[in-house]
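got a structure for you, letters missing:
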């Protein structure tokens, strides 16, 4: 039996390089160029007019004569009507009003009112006596706290609350401040 082998010396280094170059060239012929696709995207931004808030009126409970028991009065945010809830203090009239605020901003954007606190103490001018105003009630004419600004970019919000007059409360004018926030949603 004869053994047949490949003589490595018969191919030689020059021929090996030529074979490799030919093989690489044949590979390049079979490579197809990549097919690129293009897509477009958009950049969007919604720039809104800054929201401004103006106070139209204060929350004013009017004038009272203190009773001999604790008394409570409420001003309705929707109707502006004041009602006595309990006690024997006497409402003496004067100007009563719910607080009113107008927000102005970008038309047809939702703007919601929120209270910063639910209770404040009002203090007698020239003294240290206090009364409590609490249960702030927020809304518009329909009782809604959350509104969409109208075509002119405005909405009006109302604030009512409850006044607690102590038994034999000291006479005088009582004042205090509460905060509301109106913000875009």
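In hand now; what should we look at? On a predicted model such as this, the values are computed, not experimentally measured, just so you know.

next SSE after the lowest-mean-pLDDT helix or strand in the chain?
Lowest on mean pLDDT, DSSP states H and E among the helices and strands of the chain sits helix 8-30, with a mean of 56. Later in the chain than helix 8-30, the nearest helix or strand by DSSP states H and E is strand 52-57.

and the helix or strand following that next one, how far from the chain's centre?
Downstream of strand 52-57, the first helix or strand assigned by DSSP H and E is strand 63-65. With C-alpha atoms, centre = their mean, to the nearest Å as the basis, strand 63-65 stands 38 Å off its chain's centre.

pLDDT averaged over stretch 146-164 - what is it?
The average pLDDT within stretch 146-164 is 94.

could I get the buried residue list for that stretch?
147, 149, 153-155, 157-164 (16 or more other C-beta atoms under 10 Å). Where you see a C-beta, it was placed from the backbone N, CA and C, and this is true even at glycine.

could you tell me the end-to-end distance of stretch 108-126?
Criterion C-alpha to C-alpha, to the nearest Å; first-to-last residue distance in stretch 108-126 is 46 Å.

name every strand pairing with the top strand by length along the chain and say which way it goes.
In the chain, taking DSSP state E as the definition, the longest strand is strand 154-165. Here strand 154-165 is paired, per DSSP bridges, with strand 71-75 (antiparallel), strand 99-104 (antiparallel), strand 130-139 (antiparallel).

among the buried residues of stretch 146-164, which pair sits farthest apart?
153 and 164 (37.8 Å; C-beta to C-beta).

how far away from the center of its chain is stretch 128-143?
The answer for stretch 128-143 is 21 Å, by C-alpha atoms, centre = their mean.

so which of the strands paired with strand 154-165 gets nearest residue 184?
strand 99-104 (9.5 Å).

what angle do the closest one and strand 52-57 make?
Counting by axes from the mean of the first three to the mean of the last three C-alpha atoms, to 10 degrees, strand 99-104 lies at 150 degrees to strand 52-57.

what does strand 99-104 rub up against?
Identification of contacts with strand 99-104 by C-beta atoms under 8 Å, 6 or more residues apart in numbering yields 49, 51-59, 111, 113, 149, 153-160, 180, 182.

pLDDT weak spots in this structure?
Confidence mapping of the chain against pLDDT under 70 gives the ranges 1-34, 141-144.

how about residue 51, phi and psi?
phi -80, psi 130 (degrees, to the nearest 10).

would you agree it is in contact with residue 185?
No - using C-beta atoms under 8 Å, residue 51 makes no contact with residue 185, being 10.8 Å away.

overlap of the contact sets of the two?
Common neighbours of residue 51 and residue 185 (C-beta under 8 Å, 6+ apart) are residue 111.

so for the two, which residue has more residues nearby?
With other C-beta atoms under 10 Å as the criterion, residue 51 and residue 185 differ in neighbour count, and residue 51 comes out ahead with 16 against 8.
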